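Colleague: Just a sequence and a predicted model for now, questions to come.
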Amino acid sequence: MTNSTFKVEHRYLELPNSFYTRVQPTPLSGPTMVCFNHKLATQLGFHVQNEADWAKVGAGLELLDGMDPVAMKYTGHQFGVYNPELGDGRGLLLWETVAPDGTRWDWHLKGAGTTPYSRFGDGRAVLRSTIREYLCSEAMHGLGIATTRALFMISAKDPIRRESIETAAALMRVAQSHIRFGHFEFAAHHEGPEALKTLLEHVITLHFPHLISLPEEQRHQRWFEEVVERTARLIADWQAVGFCHGVMNSDNMSIIGDTFDYGPYAFLDDFDAGYISNHTDQGGRYAYNRQPHTGFVNCQYLANALLPVMDEDAVRRGMRRYEIAYNEHFKNNMKAKLGLEETEDADMSLIMDTFSLLHEHRIDYTRFFRGISNLHRHGNAPARDLFADRSVADEWLERYEARLQKETRAHDEREYAMRQVNPKYILRNYLAQQVILEAQNGDYAPLKELLKVLETPFDEQPEFEHYAALPPDWGKHLNISCSS
């Protein structure tokens with residue numbers, strides 16, 4: 001079926017059996033391969049002659065030797081309320097593979113049918129939401145942000161009932177770990193200290209091997225600090241590209257700091273600090289400007305879960321790393337976006353004033369930063385013309401130019417570096433919507449073209465210029481809900 005050089009394992013099964021239930025996928029009928037990520041397959045250690053061979057695996061019609069599907073059990077806080085009933089309600093962990101470079105990958109089939117944790121759901125995924133997850137995980141990867149990845153997706157003939165009848169689909173999601181904060185909450189609140197410690201050591205062994213040789217107390221403390229720091233840095237990266245997650249429940253927080261579970265998400269168009277990407281989030285708990293705080297709260301949920309096996313002071317010290325790591329990483333990200341290498345006392349106020357300016361005048365976030373990455377090539381117009389009141393832009397540009405006088409890099413060197421962090425292309429909601437409509441009519445070419453553009457979002461790509469356009473009015477406030 002393939003030429004592979006990867007090694008097959010399933011180390012998740014070493015955990016106590018309360019952490020999973022073995023479940024066979026419920027087959028889908030008449031599967032079609034929508035998209036296959038050949039570059040990622042190469043990274044995993046195999047290449048594919050015939051994509052169609054994999055459609056059966058995606059549809060749950062066939063398992064490869066060594067695949068032993070399980071639905072993972074975890075719990076978590078959803079919109080601040082603890083829910084003991086959670087677990088993989090429509091996804092199955094099939095196996096783990098180890099690539100030639102030693103990287104470990106979980107293969108998780110999303111949309112594989114009901115499990116004991118489906119509650120009232122049908123265990124299925126629809127084409128619309130599967131395309132959105134495929135697009136966004138690959139867009140995030142292109143932006144250099146830690147994320148789960150999309151290996152391939154299929155569509156099938158089965159009708160799926162949501163608000164209307166939709167097309168069934170399934171996604172093979174891969175990640176170096178699918179363990180979430182919620183796994184630790186489950187262990188702590190339902191299984192006891194022994195199971196919690198087993199889970200902790202499992203995660204350290206597989207994903208934090210540099211800590212193995214430390215004495216236990218130190219090992220656990222250093223591990224917790226690293227998890228907190230990775231989480232803080234991830235969210236600082238989201239803020240820097242204007243990404244809103246939409247469902248930052250603790251069961252959607254990866255223990256290794258990946259962006260995890262793409263439900264209702266959005267990249268900001270017109271900058272709005274209080275933007276809510278999930279229309280079921282009435283209180284705006286997961287609004288753009290609340291993401292840094294929510295990350296901290298989720299780390300607190302994890303901290304509470306660790307108290308049965310860790311010293312309270314050590315956990316407190318670990319929690320203090322969040323604010324330090326977030327502030328430092330956020331400031332570095334924003335200084336890079338502004339092209340500032342030297343350190344000036346007033347830099348943080350310039351950064352915050354820039355956010356206020358963009359918010360007050362509802363300026364397109366991505367276009368603004370890309371515009372100032374080319375001031376000496378294309379002049380002020382690309383940034384300035386985003387403002388209805390040009391004098392407001394002129395005032396900011398004057399202040400910015402004065403700050404740039406204190407830099408020592410040559411203009412073109414600085415702007416080249418800025419273009420490596422200020423993307424020209426992002427996954428705007430309306431772009432996703434357009435390719436979904438085409439895909440629902442059976443045409444996957446626009447989806448594949450958009451994926452190609454998002455693979456190198458910092459490059460000019462003149463032939464794809466239209467993907468960098470400002471969104472049309474209809475595309476600015478699309479309602480995205482959890483009904484995937």
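Modeller: On my side now, so go ahead. Numbers count the residues shown, from 1 in each chain.

Colleague: L135: neighbour count?
Modeller: 22 (other C-beta atoms under 10 Å). From N, CA and C alone the C-beta is placed, and that goes for glycine too.

Colleague: Okay, and it sits in which element?
Modeller: Assigned by DSSP states H and E, L135 belongs to helix 127-142.

Colleague: Pull the distance from the next helix-or-strand element following that helix to the chain's centre.
Modeller: Downstream of helix 127-142, the first helix or strand assigned by DSSP H and E is strand 149-161. The chain centre lies 20 Å from the centre of strand 149-161; the measure is C-alpha atoms, centre = their mean, to the nearest Å.

Colleague: What pairs with strand 149-161, parallel or antiparallel?
Modeller: Paired neighbours of strand 149-161 in the sheet (DSSP bridges): strand 32-36 (antiparallel), strand 165-175 (antiparallel).

Colleague: looking at those strands, which is buried most?
Modeller: Stretch with highest mean neighbour count among the strands paired with strand 149-161: strand 165-175 (a mean of 23; mean count of other C-beta atoms under 10 Å).

Colleague: moving C-terminal of it, what's the next helix or strand?
Modeller: helix 181-186.

Colleague: which strands and helices sit next to that next one?
Modeller: strand 76-78, helix 193-207, helix 291-306 (3 or more C-beta pairs under 8 Å, 6 or more residues apart in numbering; DSSP states H and E).

Colleague: Which one, of these, ends up nearest to G263?
Modeller: When the helices and strands packed on helix 181-186 are compared by C-beta to C-beta, strand 76-78 sits nearest G263, at 11.7 Å.

Colleague: Show me which parts of that closest one are buried, residue by residue.
Modeller: G76, H77, Q78 (16 or more other C-beta atoms under 10 Å).

Colleague: ok, the nearest residue to A187 once chain neighbours are set aside - contacts?
Modeller: Spatial nearest neighbour of A187, chain neighbours left out: L196 (4.1 Å); criterion: C-beta to C-beta, 6 or more residues apart in numbering. By C-beta atoms under 8 Å, 6 or more residues apart in numbering, the contact set of L196 is F184, A187, A188, A305, L306, P308, V309.

Colleague: Check the third one and give its pLDDT.
Modeller: A188 carries a pLDDT value of 98.

Colleague: what about it, distance to M248?
Modeller: 20 Å (C-beta to C-beta, to the nearest Å).

Colleague: Between those two, point out the one with more neighbours.
Modeller: M248 (25 against 22).

Colleague: quick revisit: any chance of the helices and strands packed on helix 181-186 in CSV, plus distance to P215 and mean pLDDT?
Modeller: Converted to CSV, those look like this (distance: least, C-beta to C-beta, whole Å; pLDDT from 0 to 100):
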stretch, distance to P215, mean pLDDT
strand 76-78, 31, 97
helix 193-207, 13, 98
helix 291-306, 17, 98
